[in-house]
Structures are given as C-alpha cells and as structure tokens.
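[1] After the sequence you'll find the predicted model.
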Amino acid sequence: MKPYQHRVQYYETDMMGITHHANYIRWMEEARIDFMEQLGFPYGRMESAGVLSPVRSVTCTYRHPSTFGEDIAIEVSVKDFNGVVLTIGYLMRNQNQELICEASSEHVFVNREGRIVRLKREQPEFCRAINAILQGTGEHNGEAD
C-alpha cells in the first residue's frame with residue numbers, strides 16, 4: 001500500500017507554528033479511509049452495507065514537530081485483527097524522512113443499532129484481505145483471496 005500524503009495547513013498550526021496535536025488524529029482518520037479504499041473496501045461501501053466502525057481507542061507518540069507547508073507521508077499497517085476489533089498502526093514522516101508521530105487506533109465494527117458485527121460472517125472478503133495483510137501474503141486490490 002502506498003502511504004497517504006498530507007500537507008500541513010496553516011490552520012492546523014498553533015501560535016508557535018507547530019502542528020497542533022489534535023490534528024494528528026484527524027490525519028490518522030484520513031489515512032485509514034485511504035487505506036480502506038486502496039484495499040478495495042471504501043468506507044462508504046461498508047456503511048451502505050450497514051457496518052459502522054467507531055474508534056475504540058487512539059494512542060499517539062509525538063517524536064518530532066511538524067510545521068506549516070510540510071508534506072507528511074503516513075504509512076498505515078494492520079497490527080491486529082480478531083474479527084471484531086481492528087488495530088491499525090501509523091508512522092508519520094516528513095519530507096526529510098524524520099519520524100514525527102507513531103500512533104495506533106482500535107476500531108470495532110457495529111451495525112446501525114450499535115451491536116457488534118462479526119465481520120467473518122457479514123464482510124468475509126474484507127476479513128480475508130485484512131488477514132492476508134497480517135500474514136504478509138502481499139499487496140491487495142480488494143479481490144478476495
């Protein structure tokens with residue numbers, strides 16, 4: 001998968017000219033949506049099928065500040081998946097390849113009523129694609145293994 005690209009906007013910085021910490025979480029969400037599209041499972045399609053993916057937890061470790069105008073590459077990886085909870089990792093680097101943020105997010109899958117969805121039954125192709133990534137069997141274009 002190719003990294004998601006984000007250019008730091010002026011409004012994302014604070015009075016010190018540094019990206020405000022809350023914006024990294026927004027970038028994680030942008031990168032996750034891009035990752036799902038690259039995987040062949042656009043989030044909008046999941047929602048249309050009645051599957052929602054709320055955030056259960058987020059962690060961020062800030063390693064180096066980013067500033068207005070910098071280009072940030074966000075590498076997304078699957079850290080864990082048990083069919084109900086998906087853990088995604090994020091490595092954010094500036095154009096000089098400096099690691100600026102290391103983060104992760106956990107997502108559960110629920111239906112519109114808020115009940116847990118077993119993806120193996122509801123979205124088997126998605127499960128196969130995620131498990132293939134975890135097993136290191138290569139890039140995926142949304143086709144079921």
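    Now that the structure is in, tell me what you want to look at. Numbering: from 1, shown residues only.
[2] And the strands in this protein?
    Secondary structure of the chain, counting by DSSP state E: strands at 4-7, 55-62, 71-81, 85-93, 99-108.
[3] pLDDT weak spots in the chain?
    Residues of the chain meeting the criterion pLDDT under 70: 137-145.
[4] Apart from its chain neighbours, what residue comes closest to Glu102?
    Of all residues not flanking Glu102 in the chain, Thr61 sits nearest, at 4.8 Å (C-beta to C-beta, 6 or more residues apart in numbering). Just so you know, the C-beta spots here come from the backbone N, C-alpha and C atoms, and that holds for glycine as well.
[5] Next: Asn94.
    Distances taken as C-beta to C-beta, 6+ apart place Glu70 nearest to Asn94, at 5.0 Å, with adjacent residues excluded.
[6] who's in contact with that neighbour?
    Residues counted as contacts of Glu70 (C-beta atoms under 8 Å, 6 or more residues apart in numbering) are Arg7, Val8, Asn94, Gln95.
[7] With adjacent residues omitted, what lies nearest to the first one?
    Think Arg7. Leaving aside its sequence neighbours, Arg7 sits nearest to Asp71 (C-beta to C-beta, 6+ apart; 5.4 Å).
[8] Just to check, the one you found is in contact with Met92?
    No. With contact defined as C-beta atoms under 8 Å, Asp71 does not count as touching Met92 (10.9 Å).
[9] Give me the more crowded residue out of these two.
    Between Asp71 and Met92, Met92 has the larger neighbour count (other C-beta atoms under 10 Å), namely 27 against 13.
[10] isn't the more buried one right next to Pro65, touching?
    No. Here Met92 lies out of contact with Pro65, judged by C-beta under 8 Å, at a distance of 11.5 Å.
[11] Common neighbours of those two, please.
    Ile100.
[12] how many neighbours does the residue lying closest to Leu134 once chain neighbours are set aside have?
    In this structure, Leu134 finds its nearest non-sequential neighbour in Val78, 5.5 Å apart by C-beta to C-beta, 6+ apart. Using other C-beta under 10 Å, Val78 has 18 neighbouring residues.
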